[in-house]
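**Student:** take a look and give me a structure for this.
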Amino acid sequence: PKQAPAPPLIPLQRPEHLLVSFWLDRVAEPERPLLDQAAIRAHNTRVRQLAPASSIIARIDLLQASTTFPRQRLELDLQRLTKAISRGKRLFADGKRPIGLVAQLQRRLAATQATVELRVARRGSPLRCYADHRALYERRGDTAFDLAQCAELRFGEAVRVLGRGPRYWYVQAAYGGGWVDKEALSPALSKQQAARYLRPDQQVVVVADRAGVWSKHRGGKLLGIARLGLALPRLRSSRPKGGKGGAVAVEVIGANGPRRGWTRDPRAVGAPDQPLTRAALLQRAFTLLHTPYGWGGTGGKRDCSRLLMDLFASFGVQLPRNSKQQSKSGVERIDVAKLGDAAKAAVIERAAKRGLVLLYLPGHIMLYLGRDGEHLYALHQFSGYLTPCPGGG
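**Tutor:** Residues are numbered from 1 along each chain as shown. Sure thing, here's the model as predicted:
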């Protein structure tokens, strides 16, 4: 068959490679903190300077950004989409060419009114590249990559609304822009509410991939499912004295504005200043092993850059959403493209002694793990791999 499920162990993989303890045994000083809080703040500042705030891939401070509705750039996006359709490079899921789609998008763009509001996602929702929910693929049958999916907006993530249309609104999240169904967003926050939500006196960070946020510390209604790396304001507990359990009170933004919520598993949230060590990062990374791939976060899944963005965000370290931008975000960038395999490996291993290493190639990014025998290994989120057929192909 042209496509098949992956076997339990992929080529060059052994059972022990699936255990974080195997890799930590190969790391010197796994518990040594790699970045203090001052270094993390400096890193986050550099990341916000990698791209202009108006860029669709910019990392921004939502409280300080002064961006406006990018109508001209969005018009250019539609011109590029027109060219891709004319070359047969954009198809609907049924294989039909999207005739008339651009005209629809142009009307929706014309009907979009500029605004500036800060709102919060009440549920997960696609962040679309165009004001439409329909998927676009480059080839018929290649449905793993919806090229109209920019990212996935998660429950609890704040956005700046820059344009409001009849159904789709253009928003800018802290990691990029796109169109979202307006029903997924909370009411607009006042300046005071926005500051309290994004810069609270006390904060917790979600350190498990799915943490339920409930209306009560026992029972009640599920308000949302918080994903790894989300930061929430921590509130003073209002549970009756003598109440059992480790529920943590947090502020969430619901259909009627700010409200109290509860995360019931104290292990699901952590302090924003938890130490970033190799051991802590790898242990958290390996809890995501075998989670499904999703281009642009389709269906709440992850692609390569979202995996790393969420993982580092759980330690307060901001990364861009785009893999190429992520490759520029560290304190050191080494180009090994022209080196032979042995020289490449030597450079990577030397760098890994100094800090955490991301491995980038055009369109993809990985977290370096270490060496086993003749090979170097990485942890990454990927959609598939090719194997040669007998006789070629």
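
**Student:** low-confidence ranges in the stretch 101-250 of the chain?
**Tutor:** The stretch 101-250 of the chain contains residues with pLDDT under 70 at 238-245.

**Student:** for it, which segments count as helices?
**Tutor:** Using DSSP state H, counting those that start in this stretch, the helices of the stretch 101-250 of the chain run over residues 101-110, 191-198.

**Student:** L34: which of the ones you listed is closest?
**Tutor:** Checking the helices of the stretch 101-250 of the chain against L34 by Cβ to Cβ gives helix 191-198 as the closest, at 26.0 Å. (Glycine included, C-beta is placed from N, CA and C.)

**Student:** could you export the helices of the stretch 101-250 of the chain as a markdown table, including mean neighbour count and distance to Q37?
**Tutor:** A markdown table is the format used below for the helices of the stretch 101-250 of the chain (neighbours: other Cβ atoms under 10 Å; distance: least, Cβ to Cβ, whole Å):
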| stretch | mean neighbour count | distance to Q37 |
| --- | --- | --- |
| helix 101-110 | 16 | 43 |
| helix 191-198 | 16 | 18 |
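
**Student:** so which of those is nearest S329?
**Tutor:** Judging the helices of the stretch 101-250 of the chain by Cβ to Cβ, what sits closest to S329 is helix 191-198, at 21.0 Å.

**Student:** coming back round to it: of all the helices of the stretch 101-250 of the chain, which lies closest to L386?
**Tutor:** Here helix 101-110 is closest among the helices of the stretch 101-250 of the chain (Cβ to Cβ), at 31.7 Å.

**Student:** burial check on Q202, number of neighbours?
**Tutor:** Using other Cβ atoms under 10 Å, the number of residues around Q202 comes to 11.

**Student:** just checking, it touches R234?
**Tutor:** Yes - counting by Cβ atoms under 8 Å, R234 is a contact partner of Q202 at 4.1 Å.

**Student:** thinking again about what came up before, can you tell which of the helices of the stretch 101-250 of the chain is closest to A38?
**Tutor:** helix 191-198 (20.6 Å).

**Student:** what's that closest one in contact with?
**Tutor:** Residues outside helix 191-198 that contact it (Cβ atoms under 8 Å, 6 or more residues apart in numbering) are 62-63, 118, 120, 158, 189, 233, 251, 253, 257-258.

**Student:** which residue would you name as the spatial centre of the protein?
**Tutor:** The chain has R306 as the residue nearest its centroid, 3.3 Å off, counting by Cα atoms, centre = their mean.

**Student:** right, and that one touches Q381 too?
**Tutor:** Yes - with contact defined as Cβ under 8 Å, R306 and Q381 form a contacting pair (7.4 Å).

**Student:** show me what contacts the residue nearest to T115 when sequence neighbours are not counted?
**Tutor:** Nearest residue to T115 in three dimensions, chain neighbours excluded: R164, at 5.4 Å (Cβ to Cβ, 6 or more residues apart in numbering). By Cβ under 8 Å, 6+ apart, the contact set of R164 is 112-113, 115, 182.

**Student:** return the members of those classed as buried.
**Tutor:** 112, 182 (16 or more other Cβ atoms under 10 Å).

**Student:** tell me the one of the contacts of R164 nearest P126?
**Tutor:** K182 (12.9 Å).

**Student:** give the contact list for that closest one.
**Tutor:** Contacts of K182 by Cβ under 8 Å, 6+ apart are 164, 167-169.

**Student:** would CSV of those with distance to P388 be doable?
**Tutor:** Formatted as CSV, the contacts of K182 follow (distance: Cβ to Cβ, whole Å):
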residue, distance to P388
R164, 52
R167, 47
Y168, 44
W169, 47
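
**Student:** type out the PyMOL command that picks the buried ones from the residues you listed.
**Tutor:** Restricted to buried positions by 16+ other Cβ under 10 Å, the PyMOL selection for the contacts of K182 reads:
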select buried, resi 164+168+169
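
**Student:** contacts only, for L222.
**Tutor:** Contacts of L222 by Cβ under 8 Å, 6+ apart are 212-215.

**Student:** now that we have the contacts of helix 191-198, which one has the most neighbours?
**Tutor:** I253 (27 neighbours).

**Student:** that one contacts V120, doesn't it?
**Tutor:** Yes - I253 sits in contact with V120 when judged by Cβ under 8 Å, with a separation of 3.8 Å.

**Student:** now for those two: what residues contact both?
**Tutor:** 156, 186, 189, 197.

**Student:** in strands only, show me those.
**Tutor:** Using DSSP state E, no member of the shared contacts of I253 and V120 falls in strands.

**Student:** pLDDT on stretch 297-310, on average?
**Tutor:** For stretch 297-310, the mean pLDDT works out to 96.

**Student:** related to what we said a few turns ago, tabulate the contacts of R164 (a markdown table), appending distance to A342.
**Tutor:** What follows is the contacts of R164, written out as a markdown table (distance: Cβ to Cβ, whole Å):
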| residue | distance to A342 |
| --- | --- |
| T112 | 55 |
| Q113 | 59 |
| T115 | 56 |
| K182 | 55 |
